[in-house]
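Undergrad: only the shape, not the letters, is given here:
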């Protein structure tokens, strides 16, 4: 399957892309082809050609071989490509041999994503995480290309014995850099932990937006918070996490977190490198899974997102927060499909509570806020509290920050409330009103 040339003008960086597959079930569909094209263009490259290849007998040395490799070399040369993207996992040896055979730079899927991450990182933390992921990737790909050196001489004079190989020297240098980066990121994690503690002490509910890359998370974030986070129709437009306060109806201030988008076949070491950022997801009170319902591969992308969340859960040992879904980009769908989705969401037919939204037009945002409030309140512990007429400030506080389930006026003038509170708000109430007893409802 071959696409037409995208641009016939001489580019600074021109890429040819091949997606190899060995089994019929692995054959890339239109969505995978479009996603790969989007990744290449997000890197700032002009796409010369994009095709999938059925590799019946993968070569251990090149992955591609025979006529497939020969045709790829011809197309790379004729199109003037300076880079070839193989949308698969290449071994270090395969990558090196392909570069020699094609006479251009070759990167695999992980390398492509890392290149984009490098362009998108803006904060010090983001750059540290990208650099850690890049060095971890490079360390695994050290191959013996320094054949002209063979060995560095150890000791002094000609009697010195054989020293370490260049490969060992490079690996040792990378190990030192990795340790330094990990130490810096550990400090970032410590700082983030202190910031999370501050939000807990303040009693703010924390809601994190998660989802596949380019699902509309940043646009939704901007709509809900009035922020101006970079949002564009491209993969990984957001890499650095952003946290803003916003108002939850009936609950007051809350914190909303915009996170990096997930993608299929995301390597484990990339997830590990971004753990300091992704911990914001695990520490949230609620996850809003933003799904692009206009995409044909929406269900597959949902599985990819849940796989990454499951991996994070296993690595951290912490349970996942409750999840609701925002069925986004419905403005791109025909009216009849929009109506069907709305009926499905209202009837609560899925495993997860959902609301139909369009971050672009603002449709469904009020319903989304209502579902967020409802979902948070369902996680609340019920307490019974008795207030005197002089405790008006405490009563107002509970109405603002808790979920008052029942209010009974007693004969002596006191009022008894049955109220739902999160652990954070319970602690804040007891700190502010030490003389008033909160009794858990049995």
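TA: Alright, I've got the coordinates. Note that the structure is a prediction, hence the values are computed from the model and not measured. Numbers count the residues shown, from 1 in each chain.
Undergrad: please count neighbours and contacts with C-alpha atoms only from this point.
TA: Will do.
Undergrad: for residue 104, give its distance to residue 35.
TA: 23 Å (C-alpha to C-alpha, to the nearest Å).
Undergrad: need the contact list for residue 86.
TA: 17-20, 106-109 (C-alpha atoms under 8 Å, 6 or more residues apart in numbering).
Undergrad: sitting in helices, which of these do you find?
TA: Counted as lying in helices by DSSP state H, out of the contacts of residue 86, are residue 109.
Undergrad: neighbour-wise, which one of the contacts of residue 86 leads?
TA: Of all these, the highest neighbour tally under other C-alpha atoms under 10 Å goes to residue 17, namely 27 neighbours.
Undergrad: contacting residues around it?
TA: So residue 17 contacts 47-51, 84-87 (C-alpha under 8 Å, 6+ apart).
Undergrad: return the per-residue confidence for residue 318.
TA: Here the pLDDT value assigned to residue 318 is 73.
Undergrad: for residue 384, that is, sorry about that
TA: Reading off the model, residue 384 has pLDDT 93.
Undergrad: again, but for residue 331
TA: Here the pLDDT value assigned to residue 331 is 94.
Undergrad: contacting residues for the closest residue to it other than its chain neighbours?
TA: Among residues not flanking residue 331 along the chain, residue 358 sits closest, at 6.1 Å (C-alpha to C-alpha, 6 or more residues apart in numbering). Contact partners of residue 358, counting by C-alpha under 8 Å, 6+ apart, are 327-331, 364-365.
Undergrad: ok, residue 28 next?
TA: Contacts of residue 28 (C-alpha under 8 Å, 6+ apart): 19, 21, 52.
Undergrad: domain map for this structure?
TA: The domain map for the chain lists 14-115, 204-378, 381-440, with the assignment taken from automatic domain parsing.
Undergrad: among those domains, which comes closest to residue 186?
TA: domain 204-378 (7.9 Å; C-alpha to C-alpha).
Undergrad: the closest one spans what distance, first to last residue?
TA: 16 Å.
Undergrad: circling back: quick check, pLDDT for the residue nearest to residue 331.
TA: So residue 358 comes in at 95 (pLDDT).
Undergrad: which helix or strand contains residue 98?
TA: helix 92-102 (DSSP states H and E).
Undergrad: what does residue 427 give?
TA: Taking DSSP H and E as the criterion, residue 427 maps to helix 423-432.
Undergrad: could you list every helix and strand in contact with the next helix or strand after that helix?
TA: Downstream of helix 423-432, the next assigned helix or strand under DSSP H and E is strand 439-440. Here strand 439-440 touches strand 381-387, going by 3 or more C-alpha pairs under 8 Å, 6 or more residues apart in numbering; DSSP states H and E.
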